[in-house]
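>>> sequence and computational prediction follow.
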Amino acid sequence: MEHLTKETFFEKVFNYEKNKEWKFEGKLPCIIDFYADWCQPCKIVAPILEELAEEYNGQLNIYKVDTEDQNELAAAFGIKSIPSMLFCPVDGQPQMAVGALPKDSLKQAIADVLLKEEPAQ
């Protein structure tokens with residue numbers, strides 16, 4: 001999973017200095033995990049995100065942003081508690097999820113927000 005800096009965030013996700021309105025720059029939908037090394041719940045989510053990155057390889061990207069290192073990025077998105085995950089579809093508005101979500105919830109959000117799949121009957 002790639003760690004984003006402000007520069008790579010502008011290239012792959014959204015250049016908030018250039019655009020006032022949300023404009024997704026990526027080719028694949030993505031999840032951005034805002035985390036910090038000292039955050040215990042972040043450590044619980046990390047291996048789940050690794051698994052999801054493998055399961056959805058080629059369908060979406062998962063990026064990480066270290067809020068300690070990239071505090072300007074965190075501030076730009078109003079990150080107050082971590083982990084926070086930003087789900088960015090290719091079309092449409094991003095959605096933020098706060099807290100250490102279980103894998104089932106993350107998969108549901110991926111289906112609903114990123115891949116826009118109809119729920120299986």
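Sure thing, it's come through.

>>> which residues touch E72?
Counting by C-beta atoms under 8 Å, 6 or more residues apart in numbering, E72 touches K6. C-beta: built from backbone N, CA, C; applies to glycine.

>>> just the element for the residue positioned nearest the centre of the chain, please.
Nearest to the mean C-alpha position of the chain, counting by C-alpha atoms, centre = their mean, stands I32 at 1.9 Å. Per DSSP states H and E: I32 is located in strand 30-35.

>>> and that strand, how far out from the chain middle?
Chain-centre distance of strand 30-35: 3 Å, with C-alpha atoms, centre = their mean, to the nearest Å.

>>> that strand packs against which elements?
helix 40-55, strand 61-66, strand 84-88 (3 or more C-beta pairs under 8 Å, 6 or more residues apart in numbering; DSSP states H and E).

>>> 6 Å instead?
Helices and strands touching strand 30-35, by 3 or more C-beta pairs under 6 Å, 6 or more residues apart in numbering; DSSP states H and E, are strand 61-66, strand 84-88.

>>> can you tell me, leaving aside adjacent residues, what's nearest to the residue nearest to the centre of the chain?
L86 (4.3 Å; C-beta to C-beta, 6 or more residues apart in numbering).
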